[in-house]
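> sequence isn't available, so here's the structure alone:
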């Protein structure tokens, strides 16, 4: 039998879990992203088991039909919108997942907020180049307003850090109640545009769905303050990328911290890589040692359980 691990960018999958326990199963980890369905189908030809990094490589019905040997598809995390679960069931492919740590994306969110507020990239670049000494003026977080869009598991943690910084925290989501907001120690905004109009920092923490796709478009971005920062460590589809680029180019918002993009890896010539006011990271939200160890050890456990005929964490 053959097992292929996809999108192991940092090359740690086989060192963070002992795949040698899978006797009779050849394990191969691929570090390079496979850019199209033909390349994926070729790389996975003959593989009975595939371990996929959440939403990196899509598994639509058209691809699943080209993988007749595939029997088990493990994804990191317990949600993966890029897998056609109905098609997988029809093809008799078991799809299961792993748990994820909630803290890594929260920590990266604050790295981006602080990087934007204190202009860390231009200041560090200037230091390295021997350029001007202290060429920017940072924004104060204490006393500023943090707008958290989506007060779930991650948003609540982000809000708590904002409170610790002495920020006034305002939250909004489509179904947020005053009771839930109060329990998290924040105020509930009556509407998304109400939050956008007063927030100095807006941080997105919603699940991407048909109802939230393009949630922040031209109208919503126009409601933001010119001095405000937008941070997105959730999903790129929550924001209209073209409208965001225009708002940044025209100086209608002060900057954006982005860890997620419509196309990943982001093409080398993409303007978001070099646009002033953008602090961009290559989807690092989940990439910590603790989280990847959790992903790969639990993925291995899923494979072991499946081979033994034991229950696995099936996605529904």
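Noted; the coordinates are in hand. Since we're looking at a predicted model, the values are computed, not measured.

> give me the phi and psi for the nearest residue in space to residue 103 that is not next to it in sequence.
For residue 103, ignoring the flanking residues on the chain, the nearest one in space by Cβ to Cβ, 6 or more residues apart in numbering is residue 157 at 7.1 Å. From N, CA and C alone the C-beta is placed, and that goes for glycine too. Here is the backbone geometry of residue 157 (degrees, to the nearest 10): phi -70, psi -40.

> how about the strands of the stretch 151-300 of the chain, start to end?
Under the criterion DSSP state E, counting those that start in this stretch, the stretch 151-300 of the chain contains strands at 168-172, 187-188, 201-204, 229-232, 255-258, 278-280.

> need the ones you listed in a markdown table (columns: distance to residue 18 and mean pLDDT).
Converted to a markdown table, the strands of the stretch 151-300 of the chain look like this (distance: least, Cβ to Cβ, whole Å; pLDDT from 0 to 100):
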| stretch | distance to residue 18 | mean pLDDT |
| --- | --- | --- |
| strand 168-172 | 42 | 98 |
| strand 187-188 | 47 | 98 |
| strand 201-204 | 37 | 98 |
| strand 229-232 | 36 | 98 |
| strand 255-258 | 36 | 98 |
| strand 278-280 | 35 | 97 |
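
> pLDDT on stretch 62-74, on average?
Averaging pLDDT along stretch 62-74 yields 98.

> find the centremost residue of the chain, please.
Residue closest to the mean C-alpha point of the chain, counted by Cα atoms, centre = their mean, is residue 234 at 4.5 Å.

> max-length helix in the protein?
When the chain is parsed with DSSP state H, its longest helix is helix 289-307.

> mind checking how far the residue nearest to residue 103 is from residue 55?
From residue 157 across to residue 55, the span is 21 Å (Cβ to Cβ, to the nearest Å).

> likewise for residue 212?
From residue 212 to residue 55 the distance is 15 Å (Cβ to Cβ).

> what do you get for residue 107?
20 Å.

> now the helices for the stretch 101-250 of the chain?
103-117, 120-129, 153-164, 178-183, 192-198, 218-222, 241-249 (DSSP state H, counting those that start in this stretch).
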